[in-house]
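**Student:** coordinates for the following, if possible.
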Amino acid sequence: MGKKLEEKKKRKQEALLDAAYELFTSKGVFDTSISDIVNKAEMGKGTFYLYFKDKYEIRNELVTRKAGELFRITRERMQQQEYESLEQSVIQAVDIIIEQLNADHSLLEFIAKNLQWGLFHHVLLEGGNEVSASFYDWYSELIQRSGRKFRNHEFIIYMIVELVNSTCYNVILHGEPVGLEELKKEVYQLIPVIIKNQEVE
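**Tutor:** Here you go, the predicted model:
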């Protein structure tokens, strides 16, 4: 009985998350109400409040899950090859993430608009979930294997995430001011500079 109850609760939570994501990506978080979410999920408001305190908490849970899935796929693909340097590894990881966002414009819009640094720090650096924690472990291993020292390797991630987030949005969604391949060339030239600037000689 206990197991069936847990499964039922899990299904309800997932239905709320699915409904919220569909609405957030079509209407935006600001224009989506809790009533919209529960109506879409065919549930009552009381059920929503069993799982989430407000729409921003369900948004944060979705960002955590979606970003975690991006990192999971990226790490899996990265493990299939060896890279000669830290810079090559980071560039390849960024390339895999950009290609995922290019393939799913709704996901790009959702993450670009909602992934603030505080939440990103929780998702990736504090282990917001098992998937994102394992990605950060992988990144930390890259740093260790490089044998190099950095003033703040978390800041490296911050700079690269902000660079990718801010430049890819218009290029992928609107094709402006340049095409994606041209943008990637520019971004991939900047990544070694960001890494080098944090290195301790």
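**Student:** surely S33 touches K55?
**Tutor:** Yes. With contacts counted by C-beta atoms under 8 Å, S33 reaches K55, the gap being 7.3 Å. Where C-beta positions appear, they are placed from N, C-alpha and C, glycine not excepted.
**Student:** so these two - more neighbours on which side?
**Tutor:** Legend: neighbour count by other C-beta atoms under 10 Å for S33 and K55, higher for K55 (19 against 12).
**Student:** I37 is in contact with that one, correct?
**Tutor:** Yes. The pair formed by K55 and I37 meets the contact definition of C-beta under 8 Å, at 6.9 Å.
**Student:** and for the two, which residues touch both?
**Tutor:** Here K55 and I37 have A20 as joint contacts, going by C-beta atoms under 8 Å, 6 or more residues apart in numbering.
**Student:** where's R75 relative to E7, distance?
**Tutor:** Per C-beta to C-beta, to the nearest Å, R75 is found 29 Å from E7.
**Student:** now F30
**Tutor:** Applying C-beta to C-beta to F30 and E7 gives a distance of 33 Å.
**Student:** do H174 as well
**Tutor:** 43 Å.
**Student:** same thing with T25?
**Tutor:** Distance from T25 to E7, by C-beta to C-beta: 27 Å.
**Student:** which of these two has more neighbours?
**Tutor:** T25 (19 against 10).
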